[in-house]
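**Student:** predicted model follows, preceded by the sequence.
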Amino acid sequence: MRQFVSGNLNYSSWSIRPLLVSRKVGLPVEEVVVPLDFPETTAQLKAISPTAKVPLLRWDGIEIWESLAIAEFIAEWAPPGEVWPLDPERRATARAVCSEMHAGFQAIRSACPMDIRGREAAPEMTPALEADIKRLQTIWSGLRETHGSGGPFLFGAWSAADAFYTPVVTRFRTYGLPLTGAAADYAAAVLEDPLFRTLEAQAELEPWWIKYGPDGRSSGYLKP
């Protein structure tokens, strides 16, 4: 069995990071979406995932969970240079910024939940959120200046780093957050990339909604 199990493409930022990597290199897997935050979701995930969470890659009897681990598995399957930059310095830096994304940016995650098709008012600009935005502006502008020759992405050619920051790029659009200069140009390139445009179209057609409120998350079906 070869399956990639994700949550809603519109909302599950952790899912779409390795999913974009999988699609970019043409990993031969069946894609399965488990809608999140329904009463039956936990039971469905417990039946297939060791963590009862998404994403999950099931590959010939191997179960790989966590976005970074899945990306590394795909990098070993794909030809060199397809997932990580070939240059050792760029490759090390790409892994570092992916790890920073994986472990950090809690303020923007909390204040601006991913909703690819949504358009919302900007949240209160707290010091923590402002610091996250400033750091993202610095990363994107700095990488474009230092490593961005040869293409519109963080390291010129597309890499897993772009997959890991794509959900954040969508948050800037959804909530109208400020970006300037090279960082704004980078975000525009991500949103115009055919890889993202395909995912965006699929997210637009999903029949589920998730809402975030003071009492937690709720979900349901969009009216036909």
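**Tutor:** Cool, the structure landed.

**Student:** could you use CA atoms for every contact and neighbour count after this?
**Tutor:** Will do.

**Student:** longest single helix anywhere in this structure?
**Tutor:** Of all segments of type helix in the chain, defined using DSSP state H, the longest is helix 127-147.

**Student:** got the buried residues for it?
**Tutor:** Going by neighbour count (16 or more other CA atoms under 10 Å), the buried part of helix 127-147 is 129, 130, 132, 133, 136, 137, 140, 141, 143, 144, 147.

**Student:** right, and the pair among the residues you listed with maximum separation?
**Tutor:** 129 and 147 (26.4 Å; CA to CA).

**Student:** how does the protein divide into domains?
**Tutor:** Domain ranges of the chain: 2-80, 88-197, per automatic domain parsing.

**Student:** and of these, who's closest to residue 203?
**Tutor:** Closest to residue 203 of the domains of the chain, according to CA to CA: domain 2-80, at 4.6 Å.

**Student:** next, the distance between the ends of that closest one.
**Tutor:** Terminal residues of domain 2-80 lie 22 Å apart, using CA to CA, to the nearest Å.

**Student:** stretch 56-64 too?
**Tutor:** Its start and end residues considered, stretch 56-64 measures 6 Å (CA to CA).

**Student:** if you count neighbours, what's buried in it?
**Tutor:** By neighbour count with 16+ other CA under 10 Å, stretch 56-64 contains the buried residues 56, 57, 58, 64.

**Student:** the last one and residue 57 touch, don't they?
**Tutor:** Yes - if you go by CA atoms under 8 Å, residue 64 and residue 57 touch, sitting 5.1 Å apart.

**Student:** hey, what's in contact with both of the two?
**Tutor:** residue 70 (CA atoms under 8 Å, 6 or more residues apart in numbering).

**Student:** now the buried residues of stretch 56-64 in JSON lines, with distance to residue 210, secondary structure and pLDDT?
**Tutor:** Compiled in JSON lines, the buried residues of stretch 56-64 are given as follows (distance: CA to CA, whole Å; DSSP: H, G, I helix; E, B strand; the rest coil; pLDDT from 0 to 100):
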{"residue": "56", "distance to residue 210": "21", "secondary structure": "strand", "pLDDT": "98"}
{"residue": "57", "distance to residue 210": "24", "secondary structure": "strand", "pLDDT": "98"}
{"residue": "58", "distance to residue 210": "26", "secondary structure": "strand", "pLDDT": "97"}
{"residue": "64", "distance to residue 210": "26", "secondary structure": "strand", "pLDDT": "97"}
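
**Student:** pipe the residues you listed into CSV and attach distance to residue 107 per row.
**Tutor:** Output for the buried residues of stretch 56-64, formatted as CSV (distance: CA to CA, whole Å):
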residue, distance to residue 107
56, 25
57, 28
58, 32
64, 28
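
**Student:** looking at the residues you listed, which is nearest residue 177?
**Tutor:** Nearest member of the buried residues of stretch 56-64 to residue 177, counting by CA to CA, is residue 56, at 30.9 Å.

**Student:** about what we covered before: which of the buried residues of stretch 56-64 lies closest to residue 119?
**Tutor:** Using CA to CA, the buried residues of stretch 56-64 come closest to residue 119 at residue 56, 28.7 Å.

**Student:** which residues does that closest one form a beta bridge with?
**Tutor:** For residue 56, the beta-bridge partners under DSSP bridges are residue 5, residue 65.

**Student:** residue 90 and residue 132: what is the separation?
**Tutor:** Counting by CA to CA - residue 90 and residue 132 are separated by 23 Å.
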